[in-house]
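Asker: Structural data only, the sequence is not supplied:
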Ligand SMILES: Nc1ncnc2c1ncn2[C@@H]1O[C@H](COP(=O)(O)OP(=O)(O)OP(=O)(O)O)[C@@H](O)[C@H]1O
């Protein structure tokens, strides 16, 4: 049987004013139908670039992506994307935002009544049916993100691509959203690729955690299979030895194997910088006084 989603031999080279920059080198990843995959790695390693290539927003410089035997070459409704910032149209209600996507995908396939039922069904899935006639400006950040997810789900995508979908939310809202997403995935068996910086979120939600090496020339470093039984309960898992083993493995990868070396300045350099900044202040004072 062929792989559902196959990312194979992907390189991504960006032209920059200083010459070409190889962000990704030989990225390979096979994803099965219904799998929940997290991409994790340090900032700037290339996670969004991978997601954008799967979304069809970027064209790989080498290699490519095959979804159900068809090569991905442009964006399509079978690959819905949820970004960190909901990206809802502010002048439309939650209902109308979802309706826009539904019309795009199902025009001519559903009549008006069926469309209305489908939009309401998806808003119900994310527990937003009570506020469906409110505009984005009238609802909270977590609620907006729910509508963004409803909009993506309503397109019935083959693959749901999520770029740090809960990154901008407070911890409590984030936990609620994670639980809702697990519940929805349990019902719909969606194939999901999600970027996250949160190790607990990755272990809680995923079937597979893909850990990326630091760039340039970033690639898949290690893949961790998460075989924790579902449904998963965050409180029970906190005490679970397998959960803690997986969590430690991700932390170890990020903070030992792929530790980011930040430039460290010595005290002599620091005092020189302080001198320069004091001089700058004096010059600034003179300019202001004159
Ligand atoms: N359009 C572009 N042109 C040039 N360089 C780019 C472009 N897009 C991304 N890059 C570079 O490619 C590398 C990977 O970027 P990417 O946004 O994919 O990383 P990321 O892992 O998603 O980062 P973060 O976690 O901070 O969102 C970075 O060094 C980035 O500067």
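Answerer: In hand now; what should we look at? Keep in mind that this is a model prediction, so the values were computed, not measured.

Asker: Please enumerate the strands of this structure.
Answerer: Ranges of strands in the chain, per DSSP state E, are 5-16, 19-31, 36-40, 62-67, 70-71, 79-82, 159-163, 191-195, 208-212, 220-225.

Asker: Throw those into CSV and include mean neighbour count, mean pLDDT and distance to residue 143, thanks.
Answerer: Yep, even glycine has a C-beta here, placed from its N, CA and C like the rest. Formatted as CSV, the strands of the chain follow (neighbours: other Cβ atoms under 10 Å; pLDDT from 0 to 100; distance: least, Cβ to Cβ, whole Å):
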stretch, mean neighbour count, mean pLDDT, distance to residue 143
strand 5-16, 17, 97, 30
strand 19-31, 17, 97, 30
strand 36-40, 25, 98, 23
strand 62-67, 18, 97, 31
strand 70-71, 10, 96, 35
strand 79-82, 24, 91, 14
strand 159-163, 23, 94, 17
strand 191-195, 24, 96, 20
strand 208-212, 23, 97, 28
strand 220-225, 15, 97, 32
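
Asker: Now tabulate the ones you listed in CSV and tack on distance to residue 104.
Answerer: Conversion of those to CSV gives the following (distance: least, Cβ to Cβ, whole Å):
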stretch, distance to residue 104
strand 5-16, 22
strand 19-31, 25
strand 36-40, 25
strand 62-67, 19
strand 70-71, 20
strand 79-82, 11
strand 159-163, 16
strand 191-195, 21
strand 208-212, 30
strand 220-225, 33
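
Asker: could you dump those strands to CSV with distance to the ligand?
Answerer: Converted to CSV, the strands of the chain look like this (distance: least, Cβ to the nearest ligand atom, whole Å):
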stretch, distance to the ligand
strand 5-16, 3
strand 19-31, 3
strand 36-40, 8
strand 62-67, 15
strand 70-71, 21
strand 79-82, 13
strand 159-163, 8
strand 191-195, 6
strand 208-212, 7
strand 220-225, 13
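
Asker: What is the burial count for the residue nearest to residue 174 when sequence neighbours are not counted?
Answerer: Leaving out its chain neighbours, the residue that sits closest to residue 174 by Cβ to Cβ, 6 or more residues apart in numbering is residue 166, at 4.5 Å. Neighbour count of residue 166, defined by other Cβ atoms under 10 Å: 25.

Asker: again, but for the one 5 residues further on
Answerer: Residue 171 is flanked by 8 other residues according to other Cβ under 10 Å.

Asker: go on, the one 3 residues further on?
Answerer: By the other Cβ under 10 Å criterion, the neighbourhood of residue 174 contains 19 residues.

Asker: How about residue 112?
Answerer: Neighbours around residue 112, by other Cβ under 10 Å: 7.

Asker: From the chain's centroid, how far away is stretch 156-169?
Answerer: 5 Å (Cα atoms, centre = their mean, to the nearest Å).

Asker: Quick check: the most centrally placed residue in the chain vs residue 53, distance?
Answerer: By Cα atoms, centre = their mean, the chain has its centre lying nearest to residue 163, at 2.0 Å. Here the criterion is Cβ to Cβ, to the nearest Å. By it, residue 163 lies 12 Å from residue 53.

Asker: Residue 127 too?
Answerer: For residue 127, the distance to residue 53 - Cβ to Cβ - is 32 Å.

Asker: okay, the two: which has more neighbours?
Answerer: residue 53 (23 against 14).

Asker: Show the pLDDT at the more buried one.
Answerer: Looking at residue 53, its pLDDT is 97.

Asker: residue contacts, it?
Answerer: 7, 10, 12, 59-60, 65, 72 (Cβ atoms under 8 Å, 6 or more residues apart in numbering).

Asker: Residue 178: which of these is nearest?
Answerer: In terms of Cβ to Cβ, no member of the contacts of residue 53 lies closer to residue 178 than residue 7, at 24.9 Å.

Asker: wait, what's in contact with that closest one?
Answerer: Residue 7 is in contact with 27-31, 50, 53-54, 63-65, counting by Cβ under 8 Å, 6+ apart.
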